[in-house]
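>>> need coordinates for the following:
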Amino acid sequence: RIQPLNRFGAPSAETGQNVFESVILLSFFLQLLTEASLTSCTMGALIWRILVLCFIASCSQLPVTVAQYLSSCKTPGGDGEPGTCVLVRECPFARALLMKQKHSNNDIRYLEAIRCGMLETKALVCCNAPNITADSSSSSGSIDGLLVDGETIDGLVENRFSTPEEKRGLLPEVCGVDTYRGPIRGELAQLFHFPWNVLIQHRTKDGEHRFHCGGSLISDRYVLTAARCIMGIKKTWTIVSVRVGELNLQTDPDCDDSTAGVTECASPVEDIPIEKITVPSNYTGTGSPAVKQDIALLRLARRVEFSESVAPICLPLNTSNWVGYSTEQDGSFYESGWGKTPDAGGGGDNKWNYVSVGVARELCRDRYPHASIDGEQICAMPWSEQNTCRGDTGGPLMYQSGTDGAWYLMGVGSFRKQCAIVGEPAVYTNVATFTDWIVENLEP
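Residues are numbered from 1 along each chain as shown. Model prediction:
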């Protein structure tokens, strides 16, 4: 549980607490505006929120402890992880938290607790994974790691691609090729099965590295996963890398000697650092009963070299590849993963595949009456009962096109009540409704 630092004395009265919380948010919002290069829509939204906060808080000031920019600090909670005192724009997690549409009491306390001083008129925050460029402290600002609706807060990413059509060129021409030719049922995955499966790796406050979510490789530089895998993790955790080429977590490399006594092995797995994170600005958050826009785009720090065990899945950009196909009742899908979730991890060491069937949204709404299931989501459930949770949060819901034979990423695992139970649908973010957003946020 996050506790406020002692240097802030929160009023005991309810009105005073509201003022206190509003000023915390106000100070951060004002800093973002003074450093910003925003779209008119984003600017308008921020200005409106600031006016409301000013009315509540009467634009008062809070004291902060002066600290040296880039000095060492301890992040709040537990023993505290080592961090660096940086500007708000240089801390992706702080900025993502700040840009949420609604802020819980814990959010307010965390924003207050991570403040570690001032640099001139700008707030400094203690960040355990800052994104700092060589000139980040200069007056011209810097390009940050976290994007909001395709725009950075401190400036636009310089991009030679000016139209969505040109940006599509950043996606691979060849995709969705699964070199495994055996049957695909509810079974243990074999070597080279669905080579776009990835695992999202987090670092805990104790320094341990764990896998708590899955994702899908969509190019040699980008992975698609669920926003809850970024925003819904414990505040003492840090997302650090993506693992590609994995099959069994206990073996490296993974090998298969079932073919005529000949042993075949995949390339060793790779853990690739994450360079940038893009989350929709109106993602409603894991605390909301109606989770919306649960999708995130991860830019890797370097390009992935494709192989039989590492390859991208196709995005549903062209509807002609799946025209007439129902994403609801009776539509057949495939899932693959280790059963990883952002809250408890779970799952096993082996990757599994299984068949799912689409569920009508009316039935899905009955199962999740408070979730406001709509066209931005797909519901599906296992074709047959399984004995374990096999799909990952953030992992792929796939469809093989009868037109070109390629595999397409139709859904991103979002949430479910129970896993691997016939009659209990899971909810997935409908990737087809986010392809424009994905393409707009691609960079060379």
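>>> residue 437 - that's part of a helix, no?
Yes. Counting by DSSP: H, G, I helix; E, B strand; the rest coil, residue 437 is part of a helix.
>>> can you tell me the closest non-neighbouring residue to it?
residue 280 (6.7 Å; Cβ to Cβ, 6 or more residues apart in numbering). From N, CA and C alone the C-beta is placed, and that goes for glycine too.
>>> was I right about that neighbour contacting residue 293?
Yes. Using Cβ atoms under 8 Å, residue 280 is in contact with residue 293, at 4.1 Å.
>>> which one of the two has more residues nearby?
residue 280 (21 against 18; other Cβ atoms under 10 Å).
>>> if we can go back for a sec, list residues touching both of residue 280 and residue 293?
Between them, residue 280 and residue 293 share these contacting residues under Cβ atoms under 8 Å, 6 or more residues apart in numbering: residue 227.
>>> which element follows the helix or strand of the chain with the lowest mean pLDDT toward the C-terminus?
Here the helix or strand of the chain ranked lowest by mean pLDDT, DSSP states H and E is strand 146-148, holding a mean of 35. Going down the chain from strand 146-148, the next helix or strand is helix 164-167, by DSSP states H and E.
>>> point out where the stretch 151-300 of the chain drops to low pLDDT.
For the stretch 151-300 of the chain, the stretches with pLDDT under 70 are 151-164, 180-186, 258-260, 286-290.
>>> got it, and the stretch 301-444 of the chain?
Using pLDDT under 70, the stretch 301-444 of the chain drops low at 319-330, 340-347, 384-391, 418-422.
>>> quick one: the strands in it?
Under the criterion DSSP state E, counting those that start in this stretch, the stretch 301-444 of the chain contains strands at 332-337, 352-358, 377-382, 396-400, 407-416, 426-430.
>>> quick one: which of those is nearest residue 130?
In terms of Cβ to Cβ, the element of the strands of the stretch 301-444 of the chain nearest to residue 130 is strand 407-416, at 27.4 Å.
>>> quick check, residue 278 in contact with residue 231.
No. Contact between residue 278 and residue 231 fails when scored by Cβ under 8 Å: they sit 12.0 Å apart.
>>> show me which of these two is the more surrounded one.
Shown here are residue 278 and residue 231; by other Cβ under 10 Å, residue 278 has more neighbours (25 against 22).
>>> and the more buried one, what helix or strand is that in?
Taking DSSP H and E as the criterion, residue 278 maps to strand 270-279.
>>> only alpha carbons, please: show whichever helix or strand comes after that strand as PDB.
As assigned by DSSP H and E, the chain's next helix or strand after strand 270-279 is strand 296-300. Only the C-alpha atoms of strand 296-300 are listed here, as PDB (Å, rounded to 0.1, in the frame of the first residue of the first chain):
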ATOM      1  CA  ALA A 296      -1.000  -1.000 -25.800                       C
ATOM      2  CA  LEU A 297       1.800  -0.700 -28.300                       C
ATOM      3  CA  LEU A 298       5.300  -1.500 -27.200                       C
ATOM      4  CA  ARG A 299       8.300  -0.300 -29.300                       C
ATOM      5  CA  LEU A 300      11.400  -2.500 -28.800                       C
END
